[in-house]
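Student: from the sequence below, what's the structure:
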Amino acid sequence: MTAAENVCYTLINVPMDSEPPSEISLKNDLEKGDVKSKTEALKKVIVMILNGEKLPGLLMTIIRFVLPLQDHTIKKLLLVFWEIVPKTTPDGRLLHEMILVCDAYRKDLQHPNEFIRGSTLRFLCKLKEAELLEPLMPAIRACLEHRHSYVRRNAVLAIYTIYRNFEHLIPDAPELIHDFLVNEKDASCKRNAFMMLIHADQDRALDYLSTCIDQVQTFGDILQLVIVELIYKVCHANPSERARFIRCIYNLLQSSSPAVKYEAAGTLVTLSSAPTAIKAAAQCYIDLIIKESDNNVKLIVLDRLIELKEHPAHERVLQDLVMDILRVLSTPDLEVRKKTLQLALDLVSSRNVEELVIVLKKEVIKTNNVSEHEDTDKYRQLLVRTLHSCSVRFPDMAANVIPVLMEFLSDNNEAAAADVLEFVREAIQRFDNLRMLIVEKMLEVFHAIKSVKIYRGALWILGEYCSTKEDIQSVMTEVRRSLGEIPIVESEIKKEAGELKPEEEMTVGPVQKLVTEMGTYATQSALSSSRPSKKEDERPPLRGFLLDGDFFVAASLATTLTKIALRYVALVQEKKKQNSFVAEAMLLMATILHLGKSSLPKKPITDDDVDRISLCLKVLSECSPLMNDIFNKECRQSLSHMLSAKLEEEKLSQKKESEKRNVTVQPDDPISFMQLTAKNEMNCKEDQFQLSLLAAMGNTQRKEAADPLASKLNKVTQLTGFSDPVYAEAYVHVNQYDIVLDVLVVNQTSDTLQNCTLELATLGDLKLVEKPSPLTLAPHDFANIKANVKVASTENGIIFGNIVYDVSGAASDRNCVVLSDIHIDIMDYIQPATCTDAEFRQMWAEFEWENKVTVNTNIVDLNDYLQHILKSTNMKCLTPEKALSGYCGFMAANLYARSIFGEDALANVSIEKPIQQGPEAPVTGHIRIRAKSQGMALSLGDKINLSQKKTSI
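Tutor: Reported below is the predicted structural model:
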């Protein structure tokens, strides 16, 4: 092991700007100075030794003049000094002076102050010299009987470390600690002692646990956690022990400590797959989620519940707990609610759907009473979507849900109302028996709708599904009521003129003079200031939309009026009634056209809307059977096609999910019988505690891809040339928020390279955690240097630097080899994700950074190019496959991804195949990327630019 790789327990931060003191001045301070100057001198000595200075002349000075002092600060510093100072001669023998040190520590182990005893015992854990420890063993054993728990628990740790490293010094340690454990009362001491027995003598630990298994609930939480770990390890290695300890784990589920409950539930699930065990563990998880206030804890435990659900055998048990899971909705955090609703939706079945819908309806009504908050609106949307999914899967529920949800069509929050409308549109098409109920409810809330977008959708539904004479008349009445007095232009002009009529019962207030921003005088009366606001309030909704210049709703109204008029003509035989109804519909359209052409609206009518209304007037004037078919049959068929395509897509994605979850067993796979498995084979199963420890340390073992190009070698970057005096290459290991650079440094010269240092710097949102320590490389020797880099956001980062070294014996300055740049690939942080079309459009409008990339590729097929981009960028295509199928020479698709830092990335691909240039012409077009941060948009654009062309392998 090289000097750089020696184990270091204590890290000390040193200011580098100060001048290092000389050995003579330090010796003088240590001999003749007061306590304060001795403390400062000792600190300087420690820093110099850490920096590689030897200082052998000071060892005896410190033993003579500093070691006998009783000052606590000096004693603490001496512990650090003895830890780092070289204790052996070059040939490996212990220095004679250390015998004096050993005697001083024997006295400290018998010191009346418990802090000095305890800290000395902690220091002894770090010693690696058996000759030093041997004389101290009786004193260490005596500390097990000290009155203070701080000394006793550190004595246990010292005995454990010494037993592990030098068993011959204390061969009876397990027996000693077992006896200590039986009589000990302090929780922390018991925990340390039990921990030692687990690792040193598991059988004794089990014997102790067997004697007190009924009192486990009364132990402290730190001891309970260790007991859970022991039971897990024992049962993992020897399954026949499960029956003996499973009752203990059940009891620990009732522990007062949340950490113990969490670990016990996780252990119970791994030990038993019986429905009662799964139910107890799931119930414990649910209680933890509800009682814990920290949202991060809630999310972690929810993930464990979701993992339980992934197992097909456990899903049925969790279905019985859906109502308990829904108690988590009382948490105000949106992310927790989102996960909970998704989990409940995955577990819903015909047995529990009714109860689920009742709870969700109550939650929806609750959101109406809560004061307006951004998360309340989003939560309402989530609830609406969940109810939507329940009703589609269980049609019997739709009748209960629809009346409650339709109240929200008049909601101020357009997004929630749009979700309700989408649900209603699907329900009215799919469930014939609910059409009467939906139309009736729609007519009730129609007048209260505040959003023009929702108004258009409601008009379409009423026009499409009103089939009786009474309903058609009701729709016409509602439209007339919503438009107000007609003709609109004349009535509006009258109103404007009517404001000054003397007949109006209105008192004019006193005229007052006002100063405008320009500094001129303006007169204002109470009449002119109050009247318009009153007029605005009284204006019917549809009339308000039209006067605001929104004539798209007028085109929608014209289509609705045409549909119901054509249907009315088919239903009613009397010519007079037919003509009267058609004439009324045409009058409404004509008055809207007149309004659009006048100067009253804020924006004039567009040509498209004029064409649409004119077409509807023409259709009503001719009433041809072909147009009747188009308006009353084709529209509904296209909705039916769209819904069936959507349903097909959902079924396909569900099928893929279930295929993922189903464990496929090949015919020739070996069958493992637990009773016949050898003990050494049992250990090959994954140890959950070990895995969680590795994950915390960032050493998770990723399964390498089957493709050999995606192996580790693919991530090796050459940093210097083969002809450079020092050759270097780096393996870049990305682990979520950290990047570990494992740099191989090879000395290619015949000289010894001293102080060989890897100097790194970063560009972008990267931060170097620590500076790599210097090495000495023998001729043609090599070494590995590790460097940690923290990542803060998704953008292209660059790591650059150089290797500097001294050649031993050479008088020249330091030599330097410049390294190639290491580019960090953002694809390690981007993951495919999904969102609805409405969310995509909203984000597209909100995100301010756009990067437009011109397509420059050698791929000739549109679909091949799209698939290549999806593979290169890790994005998901939101445009359904059916919309992309077929061939028409051009293609448009929306892509979406999310980074592990929670940043969204949107892309729109607009590409075409220039047919005039022949069949081998490459694809042309643009890709527009939008993101919240500039770094994300630019990095994704760079990635697309680099990977556009397909390389032939």
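
Student: what sits up against stretch 203-218?
Tutor: Residues from elsewhere that reach stretch 203-218 (CB atoms under 8 Å, 6 or more residues apart in numbering): 174-175, 178, 181-182, 194, 197-198, 224, 227, 230-231, 234, 244-245, 247-248, 251-252, 254-255. Placement of C-beta: from N, CA and C, glycine included.

Student: ok, now with 6 Å
Tutor: Stretch 203-218 is contacted by residues 174, 178, 181, 197-198, 230, 248, 251 when judged by CB atoms under 6 Å, 6 or more residues apart in numbering.

Student: with stretch 631-645 instead?
Tutor: 426, 429, 562-563, 566, 882.

Student: list the contacts of Leu741.
Tutor: Counting by CB under 6 Å, 6+ apart, Leu741 touches 730, 787.

Student: need phi/psi at it.
Tutor: Backbone torsions for Leu741, taken as degrees, to the nearest 10, come to phi -100, psi 120.

Student: specify the beta-bridge partners of it.
Tutor: Val732, Ala787 (DSSP bridges).

Student: how close does it sit to Leu760?
Tutor: 8 Å (CB to CB, to the nearest Å).

Student: could you do Thr752 as well?
Tutor: Distance from Thr752 to Leu760, by CB to CB: 24 Å.

Student: which one of these two has more residues nearby?
Tutor: Leu760 (20 against 17; other CB atoms under 10 Å).

Student: could you tell me how far the more buried one is located from Glu770?
Tutor: Here Leu760 is placed at a distance of 10 Å from Glu770 (CB to CB).

Student: go on, Cys189?
Tutor: According to CB to CB, Cys189 stands 36 Å off from Glu770.

Student: likewise for Asp108?
Tutor: 33 Å.

Student: equivalent analysis for Ala205, please.
Tutor: As judged by CB to CB, Ala205 and Glu770 stand 38 Å apart.

Student: so for these two, which residue has more residues nearby?
Tutor: A direct count of neighbours by other CB under 10 Å for Ala205 and Glu770 places Ala205 higher, at 26 against 9.

Student: can you report how many residues neighbour Cys888?
Tutor: Neighbours of Cys888 (other CB under 10 Å): 8.

Student: and the pLDDT at it?
Tutor: Per-residue pLDDT puts Cys888 at 78.

Student: before we move on, what SS does it have?
Tutor: Secondary structure, DSSP: H, G, I helix; E, B strand; the rest coil: Cys888 is coil.

Student: any idea how far it is from Asp346?
Tutor: Distance, Cys888 to Asp346, using CB to CB: 38 Å.

Student: quick check: phi and psi at the closest residue to Phe408 other than its chain neighbours.
Tutor: Closest residue in space to Phe408, ignoring its immediate chain neighbours: Val420 at 5.0 Å, by CB to CB, 6 or more residues apart in numbering. Backbone torsions for Val420, taken as degrees, to the nearest 10, come to phi -60, psi -40.

Student: the chain should start at 199 in everything you say after this.
Tutor: From this message on, residue numbering opens at 199, which makes the last subject Val618.

Student: residue contacts, Val618?
Tutor: Contacts of Val618 (CB under 6 Å, 6+ apart): 582, 603, 606-607.

Student: likewise Glu605?
Tutor: Counting by CB under 6 Å, 6+ apart, Glu605 touches no other residue.

Student: quickly list what Leu975 is bridged to.
Tutor: With DSSP bridges applied, Leu975 shows beta-bridge pairing to Leu951.

Student: count of neighbours near it?
Tutor: 21.

Student: contacting residues around it?
Tutor: 945, 951, 954.

Student: which residues does the first one contact?
Tutor: Under the criterion of CB under 6 Å, 6+ apart, the contact partners of Asn945 comprise 951, 975, 979.

Student: okay, those residues in a markdown table with pLDDT next?
Tutor: Listed next are those as a markdown table, based on pLDDT from 0 to 100:
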| residue | pLDDT |
| --- | --- |
| Leu951 | 86 |
| Leu975 | 85 |
| Asp979 | 89 |
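
Student: out of those residues, who's nearest Val673?
Tutor: Distance to Val673 across the contacts of Asn945 (CB to CB) is lowest for Leu975, with 88.1 Å.

Student: and that closest one, how far is that from Asn982?
Tutor: To Asn982, Leu975 is 12 Å away according to CB to CB.

Student: go on, Glu552?
Tutor: Separation of Glu552 from Asn982 (CB to CB): 63 Å.

Student: same question, Ala480
Tutor: Ala480 is 46 Å from Asn982, where distance means CB to CB.

Student: who has more neighbours out of those two?
Tutor: More neighbours surround Ala480 than the other of Ala480 and Asn982, with 23 against 11 (other CB under 10 Å).

Student: apart from its neighbours in sequence, what residue is nearest Asn1143?
Tutor: In space, Asn1143 is closest to Val1051, 6.1 Å off (CB to CB, 6+ apart).

Student: report the secondary structure state of that neighbour.
Tutor: Under three-state DSSP, the three-state class of Val1051 is strand.

Student: show me what it is bridged to.
Tutor: When bridges are called by DSSP bridges, Val1051 pairs up with Ile1125.
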